[in-house]
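Chemist: sequence-free structure coming up:
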């Protein structure tokens, strides 16, 4: 019995040395090229740095394909920063120019003491950012929370 177990073990080890090892064929560029030309993408963002990066990503997607729908939903501290931080103005303008939609949570606005009149005219609001994101998901959007 011991001999049989040793023979089977050696056989299995031997097979593993003689089989070709095959790596995965996909590369990162292949995965990145999988982004649909008419895709629907949304990011839920809570801080200014993520907002800036989100606008740049949205701009990149829209340049590759204007049919892509790209939305940035803002909750948390970025809601106040968007109204008060002048460094974010170029990103707001870039989003408007490229067709990236910015939607701000009114619940966060209320909690942080921000009025809609403090925002650029291109910025939309929604009563609840989470509910809006769920609606986007139900509408077929791929979403990520940052």
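Modeler: Happy to help now that I have it. What you are looking at is a predicted structure, and each value in this text was computed from that prediction instead of being measured.

Chemist: isn't residue 81 right up against residue 46?
Modeler: No: the pair residue 81 / residue 46 is not scored as a contact, 10.3 Å apart, by C-beta atoms under 8 Å. Just so you know, the C-beta spots here come from the backbone N, C-alpha and C atoms, and that holds for glycine as well.

Chemist: need the strands for this structure, in chain order.
Modeler: For the chain, the strands defined by DSSP state E occupy 40-45, 69-74, 101-105, 124-126, 142-145.

Chemist: can you put these in CSV and add mean pLDDT and distance to residue 114?
Modeler: Formatted as CSV, these follow (pLDDT from 0 to 100; distance: least, C-beta to C-beta, whole Å):
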stretch, mean pLDDT, distance to residue 114
strand 40-45, 96, 15
strand 69-74, 97, 11
strand 101-105, 98, 8
strand 124-126, 97, 10
strand 142-145, 93, 21
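
Chemist: neighbours around the closest residue to residue 46 other than its chain neighbours, how many?
Modeler: In space, residue 46 comes closest to residue 76 once its chain neighbours are excluded; the distance is 3.7 Å by C-beta to C-beta, 6 or more residues apart in numbering. By other C-beta atoms under 10 Å, 17 other residues sit near residue 76.

Chemist: surely residue 76 is in contact with residue 108?
Modeler: Yes: at 6.1 Å, residue 76 and residue 108 qualify as touching, with contact defined as C-beta under 8 Å.

Chemist: ok, the residue nearest to residue 46 - contacts?
Modeler: By C-beta atoms under 8 Å, 6 or more residues apart in numbering, the contact set of residue 76 is 46-47, 108.

Chemist: if we can go back for a sec, need the strands of the chain in a markdown table with mean neighbour count and distance to residue 113, can you?
Modeler: Output for the strands of the chain, formatted as a markdown table (neighbours: other C-beta atoms under 10 Å; distance: least, C-beta to C-beta, whole Å):
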| stretch | mean neighbour count | distance to residue 113 |
| --- | --- | --- |
| strand 40-45 | 22 | 20 |
| strand 69-74 | 24 | 15 |
| strand 101-105 | 22 | 14 |
| strand 124-126 | 16 | 15 |
| strand 142-145 | 13 | 24 |
